[in-house]
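Undergrad: please work out how this folds:
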Amino acid sequence: MSTEATVIAVAVAIYLADCIVLLERGQALWTKSALSFGSLHYQVRGRAVALLNPLAPFMPTFRTAALFAPASGVDAAVALKALAPLSGLGLLQLVLVLVALPYCLYRAPGWPFLAALAFAYLNALLMLVLIAWRFGRSGMPRRPLIALGFGWLVCLPLSINSMRKAGLAFDIDSDARKQMKTLSGDARERARAALAAQLEEAMVELEEGDERRLSLASMKGELEANDGRL
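TA: Have a look, this model is predicted:
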C-alpha cells in the first residue's frame, strides 16, 4: 500500500472510530427525526455500543438523559437551536477532509493540497469558535469544548464530527421516554419498540428483587400499555 493510501486509510479509520458512542441502557442518541438506542448485544464496560451515521456529521445529535438520572439543565430545543445553523460547515468539513484532501494528495500534492489543508483547519477553527459562541448565548456548558477543540485541531479527522461531539458533550434534560413525543408516528413506534427491548435486556442483567429491575419492569409495562404515548 502506498504512503498516500495509508494516510487516507488511517484518517478514515480515526473518523469511523470517533463515530462510536457508548450509551447506558435505555439512553438514546436523539436527532430531530429519530432516537437510536445502540446495539442490544454489543457492550463495552456494560454500556451499549451505538454508531453515529458516518455520512451525516452535519446532523445535530444529542444524548438523552439516562433513565432515573437527575436533570442536566440543558433543554433539547435550546441545544438543537444552538447547533442547527452549523450544519453547512459540518458538511463542508466532511467534504474537505475525506474528499478534497485525498483527491489533492493523489492528483495535486503541491500547493492545492496545502490550500485544502489550510482551508480544513480554518473551517475546524471557525466551527469551534461558533459553537463556543452559540453555547455561551444559549447558556449551555462550554468547558467540554476545550478538550474537544484541542482534539479537532491536533487530529483533523476528528473535526468532521465536531458539531455532533459538541452536542454529545452533555446529556439533554429529557430521557428517551419524553423525547419520543417529538417524533412522528412511525419513528415513535420504532423508538418505543427499541426502548422496550433495551429495558428487557437491562432487566436480565439485574437480580430478582433489585429495585432498579422493578422500576424498569414498571416502565416497560407503561410503554406497552400506552403504545409509546407517555
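Undergrad: who are the packing partners of the helix ranked longest in the chain?
TA: Across the chain, the longest stretch assigned as helix under DSSP state H is helix 111-138. Applying 3 or more C-beta pairs under 8 Å, 6 or more residues apart in numbering; DSSP states H and E, one finds that helix 111-138 makes contact with helix 76-83, helix 87-95, helix 101-107, helix 144-154, helix 162-167. All C-beta spots, glycine's among them, are computed from the backbone N, C-alpha and C.
Undergrad: relative to helix 87-95, how tilted is that helix?
TA: 150 degrees (axes from the mean of the first three to the mean of the last three C-alpha atoms, to 10 degrees).
Undergrad: could we number from 45 for the rest of this?
TA: Understood, numbering begins at 45; the last thing we discussed is helix 155-182.
Undergrad: can you say which of the helices and strands packed on helix 155-182 is packed in most?
TA: The highest average neighbour count among the helices and strands packed on helix 155-182, using mean count of other C-beta atoms under 10 Å, belongs to helix 206-211 at a mean of 26.
Undergrad: what is the orientation angle of the following helix or strand past it with helix 120-127?
TA: Next helix or strand after helix 206-211 toward the C-terminus (DSSP states H and E): strand 215-219. Here the directions of strand 215-219 and helix 120-127 differ by 150 degrees (the same axes, to 10 degrees).
Undergrad: for strand 215-219, name the packing helices and strands.
TA: Where contact means 3+ C-beta pairs under 8 Å, 6+ apart, strand 215-219 is packed against strand 106-109, helix 120-127.
Undergrad: and of those, who's closest to D230?
TA: Minimum separation from D230 across those (C-beta to C-beta) falls at strand 106-109, 19.3 Å.
Undergrad: who does the closest one pair up with?
TA: strand 73-75 (antiparallel), strand 215-219 (parallel) (DSSP bridges).
Undergrad: name the residue most distant from the centre of this protein?
TA: Distance from the C-alpha centroid of the chain, by C-alpha atoms, centre = their mean, peaks at G154 (35.3 Å).
Undergrad: any idea how far E48 is from that one?
TA: 14 Å (C-beta to C-beta, to the nearest Å).
Undergrad: for this structure, which residues score under the pLDDT cut-off?
TA: Scanning the chain for pLDDT under 70 picks out 45, 249-251, 253-254, 268-274.
Undergrad: now with 50, please.
TA: 272-274 (pLDDT under 50).
Undergrad: next, the buried residues of stretch 154-169.
TA: Of the residues in stretch 154-169, 157, 160-161, 164, 167-168 count as buried by neighbour count, 16 or more other C-beta atoms under 10 Å.
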